[in-house]
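Participant: Make a model of this:
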Amino acid sequence: MTAHRSRLIAVAVAWLLLAGLAACTPTPSTDTTPAPETTKTPAADTPAARGAVATGRYPDLFAEAGYDRKEVDARIQASFQQLFHGDPATQAIYYEDGRNERGPLAYIHDINSGDVRSEGMSYGMMIAVQLDRKAEFDAIWNWAMTHMYHADPKHPAHGYFAWSMRTDGVANDEMPAPDGEEYFITALYFAAERWGDGEGIYAYRAQADRLLTDVLHREAITGKTLRGEMTAGDLFDHEAKMVRFTPDLDNAAHTDASYHLPAFYEVWARVGPQADRAFWSEAAQASRDYFAKAAHPQTALTPDYGNFDGTPWAAPWRPESADFRYDAWRSAMNWSVDWSWWAADPRQVEMSNRLQAFFEAQGMADYQSLYTLDGKPLGGGQTTGLVATNAVASLAADHPRRLAFVRALWEHPVPSGQQRYYDGMLYMMALLHCSGEFRAWLPAAEGGQKNR
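Facilitator: Down below sits the predicted model:
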């Protein structure tokens, strides 16, 4: 920790000196590429005033890599069209599922696993709000509230969403995976700002407030589940100020690095229930500190599951969770988006540089998807999902190699076939992040600016 603090202080002082000499941008100081034009005005001078949320200038990494904006926009639209409205047998992961009294229903299907996951549903809503696709957003949200949400106050998962469902709406596992709740909440806040509130479940802000209150304050409930009697509580540890791996009390004292979303917690600290805003600000910093501890000192790889002190956790039912695997692909994306939006922790720049240096050394066309934390390959081949998240790491990296990872993403086609769910979701979000089109939709009064 001492070394991390010393490096943070040194980098922070250097940053402040640079800030006095030139206007800051949301990209690292070595980046001289002009930011995309914007009609937004910077927020007042705050600790996060250098980030994209305050300035309104979201980095366009594709432009820096030399790609034409019209070509980028066309790629984004074609990718959305394929993943949401393409051939249902080989391309689509979005499936319409009739309608109820609240309107159309649709789900995001994990083709390979054969289920519907809160993770994918919430990703689908986030993608839809970023692309101004209200119909798809509302249909996914309607399906989630109709089939996944637990309204029974006696159920241990009351107030949360079942993380895995069959496509007919029957639960495979009733308990939540907290990243689903985190993306649902943030997507709802963005929808309220972008489209305004409707009624019932489409009163987006009220729905987000209710979910966020349960995430932090829900009392422990003991009751029957498909896995027998369980006791579950809130989704965040109040002492560690970190997201739990699960609210199930038997495993609640652990976490998952890829569930840490400090960029979102900063949003909640501005638009969430007033009484909890200080907690979410502290949670953002706790997650930044967690990443600095969990990322390996040579590779910056994080484990799938971890303890609150930053050490890996080999879950009894899944000992390989101490390695860098499928969940952990998202860790660098999470800390890099936090840097891009809020510019609050210079350690994130160094971590992205370290991570990309490791993968570059493995061979840009040859690096694998699974590793021990110290960098021993465990196979898996090269997957589009990891290529995508490594490209998003370029939002924080400031070494010239960063653009090679952006170009690698561009060279990959839209995922199709059996693995198109996870690869496709990460690919779609990476296109938005790397093009500057994944934005925090916030009102000016809450530290951002109108994104209209």
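
Participant: how close does Pro400 sit to Gly66?
Facilitator: Pro400 sits 13 Å away from Gly66, going by C-beta to C-beta, to the nearest Å. C-beta coordinates here come from the backbone N, C-alpha and C atoms, glycine included.

Participant: ranges for the strands of the stretch 151-300 of the chain?
Facilitator: 164-165, 171-173, 221-225, 228-232, 236-237, 242-243, 254-255 (DSSP state E, counting those that start in this stretch).

Participant: For these, could you give me CSV that also reports distance to Pro88 and mean pLDDT?
Facilitator: CSV is the format used below for the strands of the stretch 151-300 of the chain (distance: least, C-beta to C-beta, whole Å; pLDDT from 0 to 100):
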stretch, distance to Pro88, mean pLDDT
strand 164-165, 18, 98
strand 171-173, 22, 98
strand 221-225, 32, 97
strand 228-232, 36, 97
strand 236-237, 38, 98
strand 242-243, 34, 98
strand 254-255, 36, 98
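
Participant: any idea which of these is most buried?
Facilitator: Mean neighbour count (mean count of other C-beta atoms under 10 Å) peaks for strand 242-243 among the strands of the stretch 151-300 of the chain, with a mean of 24.

Participant: List the strands paired with that one, with their directions.
Facilitator: strand 236-237 (antiparallel) (DSSP bridges).

Participant: where are the low-confidence patches of the protein?
Facilitator: Within the chain, the stretches with pLDDT under 70 are 1-49, 445-452.

Participant: What are the structural domain limits within it?
Facilitator: Here the domain parsing of the chain from automatic domain parsing is 21-92+297-440, 93-252.

Participant: looking at the ones you listed, which is closest to Ala275?
Facilitator: Of all the domains of the chain, it is domain 93-252 that lies closest to Ala275, at 9.1 Å by C-beta to C-beta.

Participant: just how off-centre is the closest one within its chain?
Facilitator: Here the centre of domain 93-252 is set off from its chain's centre by 15 Å, with C-alpha atoms, centre = their mean, to the nearest Å.

Participant: hang on, the earlier thing: would you convert the strands of the stretch 151-300 of the chain into a markdown table that also reports distance to Met333?
Facilitator: Formatted as a markdown table, the strands of the stretch 151-300 of the chain follow (distance: least, C-beta to C-beta, whole Å):
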| stretch | distance to Met333 |
| --- | --- |
| strand 164-165 | 22 |
| strand 171-173 | 25 |
| strand 221-225 | 31 |
| strand 228-232 | 28 |
| strand 236-237 | 21 |
| strand 242-243 | 16 |
| strand 254-255 | 17 |
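
Participant: Go through those and name the closest to Thr372.
Facilitator: Nearest of the strands of the stretch 151-300 of the chain to Thr372, taken as C-beta to C-beta: strand 254-255 at 19.3 Å.

Participant: what helices or strands is the closest one leaning on?
Facilitator: Applying 3 or more C-beta pairs under 8 Å, 6 or more residues apart in numbering; DSSP states H and E, one finds that strand 254-255 makes contact with strand 306-307.

Participant: what's downstream of the strand it packs on, the next helix or strand?
Facilitator: Proceeding N to C from strand 306-307, the next assigned helix or strand is helix 331-342, under DSSP states H and E.

Participant: Can you say which of the strands of the stretch 151-300 of the chain is nearest to Ala206?
Facilitator: Here strand 236-237 is closest among these (C-beta to C-beta), at 20.7 Å.

Participant: For that closest one, which outside residues touch it?
Facilitator: Strand 236-237 is touched from outside by Val215, Leu216, Met242, Val243, Arg244, Ala252, Ala253, Thr255, Ala283, Phe308, with contacts defined as C-beta atoms under 8 Å, 6 or more residues apart in numbering.

Participant: Quick check on those: which are buried?
Facilitator: Buried members of those, scored by 16 or more other C-beta atoms under 10 Å, are Val215, Leu216, Met242, Val243, Arg244, Ala252, Thr255, Ala283, Phe308.

Participant: No further queries at this time; thank you.
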